[in-house]
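Novice: I'd like to go over a predicted model; first the sequence, then the structure.
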Amino acid sequence: GRAPQPAETPCGRADLTASLAGAVESPPELAELGDTDADRWYALALTVTSAELVGASRGALTLATEYAKVREQYGATIGSYQAVAHLLAEGLALIEGSISVLRHAAWAVDELPAAEAVEAARIAKIYCARAALTVCETSIQVHGGIGNTWECLAHIYLRRALAATETWPVTLKELTIGLS
């Protein structure tokens, strides 16, 4: 048979808001693996979705930063205003933290025992998801009214972050260390 094709809009472009149904379930082959191997694959899946979240964050922040450099209000670019600059700086700090926990999780997949790799990947997923949502929402805020329209990609990054957050979801209850 033919592989399923991405949903298309009437204009012939891919629908970036299509459902992830069928893409987030565990492959049946995982049931054939031992617990250690399955845990290692699970840690890898969490790490890869965390990387997707970091990518969405970076894209959203870049978009907002570039917009803040050219959008003028009251005779000055909006990026020159302290309130906007602080929002963008906070986004950058969140991304740097995300990169750090993501790198640790990626290292843990190969170098730590499977249970510890899963723990590192869960921490990365939670941190990266929270950071990505903040950064993407900030990008929409920096763009103002245009941020939620099809003329601006800011909401697409937010949708990607929301989808990646729900792919291999993790809650704080699943962690063995105390985080809040």
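Specialist: Received it, and whenever you're ready, just let me know what you need.
Novice: now the strands for the chain?
Specialist: Using DSSP state E, the strands of the chain run over 72-73, 76-77.
Novice: so which of these is nearest Leu46?
Specialist: strand 76-77 (39.1 Å; Cβ to Cβ). For glycine as for every other residue, the C-beta is placed from the backbone atoms N, C-alpha and C.
Novice: ok, residues contacting that closest one?
Specialist: By Cβ atoms under 8 Å, 6 or more residues apart in numbering, the list of residues contacting strand 76-77 from outside reads Ala68, Lys69, Val70, Arg71.
Novice: what of stretch 142-155?
Specialist: In contact with stretch 142-155 (Cβ under 8 Å, 6+ apart) are residues 59-60, 63-64, 67-68, 78, 84, 87-88, 136, 139-141.
Novice: ok, those vs Val118, which is closest?
Specialist: The shortest gap between Val118 and any of the contacts of stretch 142-155 belongs to Cys136, at 26.2 Å (Cβ to Cβ).
Novice: now that closest one, nearest residue through space, not along the chain?
Specialist: Distance criterion Cβ to Cβ, 6 or more residues apart in numbering; nearest residue to Cys136, sequence neighbours excluded, is Leu158 at 3.9 Å.
Novice: center of the chain - which residue?
Specialist: Central residue of the chain (Cα atoms, centre = their mean): Leu53, 1.5 Å from the mean position.
Novice: look up how far Ile156 lies from the residue lying closest to Val70 once chain neighbours are set aside.
Specialist: Spatial nearest neighbour of Val70, chain neighbours left out: Thr77 (6.7 Å); criterion: Cβ to Cβ, 6+ apart. For Thr77, the distance to Ile156 equals 24 Å [Cβ to Cβ, to the nearest Å].
Novice: between the two, which has more neighbouring residues?
Specialist: Ile156 (17 against 14; other Cβ atoms under 10 Å).
Novice: about what we covered before: what bridges to the residue nearest to Val70?
Specialist: Judged by DSSP bridges, the bridge partners of Thr77 are Glu72.
Novice: helices along the chain, start to end?
Specialist: 35-70, 82-111, 114-143, 154-166 (DSSP state H).
Novice: just name the most buried of those.
Specialist: Mean neighbour count (mean count of other Cβ atoms under 10 Å) peaks for helix 114-143 among the helices of the chain, with a mean of 23.
Novice: let me know the angle separating it from helix 154-166.
Specialist: Put simply, helix 114-143 runs at 160 degrees to helix 154-166, going by axes from the mean of the first three to the mean of the last three Cα atoms, to 10 degrees.
Novice: can you tell me what sits against the one helix or strand in the chain whose mean pLDDT sits lowest?
Specialist: The weakest-scoring helix or strand in the chain, judged by mean pLDDT, DSSP states H and E, is strand 72-73 (a mean of 78). Here strand 72-73 makes contact (Cβ under 8 Å, 6+ apart) with Ile78, Tyr81.
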